[in-house]
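*Asks:* Give me a model of this one.
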Amino acid sequence: MEKTNVMRLLDARGIAYVPHRYDAGDPPPSGMEVARMLGRDPASVFKTLVTTGASGQHYVFVIPVCEELSLKKAAAAVGEKSVEMLKSRELLPLTGYVHGGCSPMGMKKPFPTVVDETAQLADTMLMSAGKVGYQVEMSLESLSHAVRVTLADVTA
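*Replies:* Residues are numbered from 1 along each chain as shown. The predicted structure follows:
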């Protein structure tokens, strides 16, 4: 399997993960479709969402694909008055990732990252490996060795 930058980053840090590949079409499949393609419970497959706070600071939220981000809870989790979703056209220049292939690991620069507290319920979680069609499976603990995360209830 081709290695993505996220996989190379994890390899370089000695962080354990299991790579997964799925056939990506155009447009890329939804997170729920990815979970189905990989035969996984959608509660264990996570999507990476990038937001902008009222202060102008950017934040990353990692939530199950079967859930929606609560902007009110997200803002409270990061101490902002409000947060809004980053415009799609701003994603690549800011993070280095395209829609459908955004990972909390290996962004152009680190942003405060909040993982939904439900991630604690499963032994492993799947998330984008930084490229559409690729996922990495790892424990929450392993993710926390790759990027500084905090846990909070941020889903609607």
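
*Asks:* Which helix or strand contains the residue nearest the centre of the chain?
*Replies:* The chain has T48 as the residue nearest its centroid, 2.7 Å off, counting by Cα atoms, centre = their mean. Assigned by DSSP states H and E, T48 belongs to strand 46-53.

*Asks:* Which residue is the nearest non-sequential neighbour of the residue nearest to the centre of the chain?
*Replies:* Leaving out its chain neighbours, the residue that sits closest to T48 by Cβ to Cβ, 6 or more residues apart in numbering is C102, at 4.5 Å. For glycine as for every other residue, the C-beta is placed from the backbone atoms N, C-alpha and C.

*Asks:* My guess is the one you found contacts T51. True?
*Replies:* No - judged on Cβ atoms under 8 Å, C102 makes no contact with T51 at a distance of 12.0 Å.

*Asks:* Quick check on V83: phi, psi?
*Replies:* In terms of degrees, to the nearest 10, the main-chain angles of V83 are phi -130, psi 150.
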